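Peer 1: Just to be clear, the model below is a prediction. Sequence and coordinates:
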Amino acid sequence: MLYSLCTAECCIGPETPLFPLKHLHFHTPRWSQVSDVTALAESTQVVILSYMRSGTSFLGKIFDVNTDALYVFEPLWKVCEHIVPSFAKLRFLNGSVVDPGTSCEDIGQSIIRSFLTCNLLNIDQSTLTQFWMAHGRKTIKLLNCIERSSITTCVYRFIEVCRQSNVRILKTIRARLERTLSTLEMLPHVKVIHLVRDPRAIISSRRLMGEYYHRNLLATGSGICGDMRRDIHTFKNLPQEFQGRILQIRYEDLSADPVHMAEFIYSYLRLEMPTNVVTWIKNNTHSKADDGKPLGTLRADSRKTASKWRERISWSTVKSMERACQDVLEDLGYVLTSSEDTLRNLSISLTKERKLLTR
């Protein structure tokens, strides 16, 4: 099956040339030739770290439409959701077979570092071929190449694509900030964007997707806030050597003024934001209608979209979440509701103004 990726501006699919690079010289390097320091000096490496249903698809797309960027969508999905839980093995292009252990945390950070440094030979085949790779403008071409040629040939070619990308960025909901510090320690040029969202909105959005058909909602909500609580603690107590490398932003602020926030994020990363990114943001936050897709980024009004949860969530769920997550809500600048009328009245903001936080 050949994959297609369509945006408001163009469509990348089977008919798109594979890796259309000028003067691409294909060669087969030895396994040891690709290391964690490959081509770091002239590129920007970023990890978007967040939680399911927190706006990461939209934030990631702000970089994916940048033609200088290589964007990787949820690279830890296969390992964390399938390989580790089923006690399966990781298989690599050199023929080696590795037991990943009982936690995806360590192997997850290795995958993150390998994508950021174009060290793709250190990534298992199941990760390189997972269907989420179809969510990036460049990674989709790797999948389509594999449909037509050998995976080895395609991966070596994609290493060149990676090396020629001035910005390398990935987004994940399957890594926590504390463990990601090991990547910051090993790769001193990497920065993290910690995207947070009101946990009451997160639980409402997840419920719409049917996630709680067989789960206890309160237990899951407590789990969400547990992850956020640990990340907030890590963010507040960063060792000196990591300060200045982590930016914490709220989805609500991004939705309220997406162009300004995007400009700030690009500036924080010391990048110039291309004009086509501005065009994409305007087209996708003020469209005629939402695209209605769970992972879609097309919105009629991004500000209103960020508040829709207040109209559909039950009052009892809100109170349960506020009891379980009060400290998280207060730390991130969200307002507790005093009544159901307050919840439903969208003219009353549940988001306090605050400065953007970096550590």
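Peer 2: Done, it's in.
Peer 1: so where do the helices sit in the stretch 51-200 of the chain?
Peer 2: Along the stretch 51-200 of the chain, counting by DSSP state H, counting those that start in this stretch, helices occupy 56-64, 77-78, 104-116, 125-128, 139-148, 151-163, 177-186, 199-208.
Peer 1: among the ones you listed, which is nearest Val318?
Peer 2: helix 199-208 (5.7 Å; CB to CB). Backbone N, C-alpha and C define where each C-beta goes, glycine included.
Peer 1: starting at the chain centroid, how far to whatever helix or strand comes next after the closest one?
Peer 2: Note on helix 199-208: by DSSP states H and E, the next helix or strand toward the C-terminus is helix 217-236. Centroid separation between helix 217-236 and its chain, computed with CA atoms, centre = their mean, to the nearest Å, is 18 Å.
Peer 1: now swap in stretch 66-73 and tell me
Peer 2: The chain centroid and the centroid of stretch 66-73 are separated by 12 Å under CA atoms, centre = their mean.
Peer 1: I'd like the mean pLDDT over that stretch, please.
Peer 2: Average pLDDT, stretch 66-73: 97.
Peer 1: again, but for stretch 204-220
Peer 2: 72.
Peer 1: show me what contacts the residue nearest to Glu178 when sequence neighbours are not counted?
Peer 2: In space, and not counting its chain neighbours, Glu178 is closest to Thr234: 4.5 Å by CB to CB, 6 or more residues apart in numbering. Counting by CB atoms under 8 Å, 6 or more residues apart in numbering, Thr234 touches Arg176, Leu177, Glu178, Leu181.
Peer 1: Most neighbours among these, which one is it?
Peer 2: Neighbour counts for the contacts of Thr234, by other CB atoms under 10 Å, peak at Leu177, which reaches 24 neighbours.
Peer 1: Make sure that one is actually in contact with Val192.
Peer 2: Yes: using CB atoms under 8 Å, Leu177 makes contact with Val192 at a distance of 7.1 Å.
Peer 1: In a markdown table, list the contacts of Thr234 along with distance to Gly226 and pLDDT.
Peer 2: As requested, the contacts of Thr234 are arranged in a markdown table below (distance: CB to CB, whole Å; pLDDT from 0 to 100):
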| residue | distance to Gly226 | pLDDT |
| --- | --- | --- |
| Arg176 | 10 | 97 |
| Leu177 | 13 | 97 |
| Glu178 | 13 | 97 |
| Leu181 | 18 | 97 |
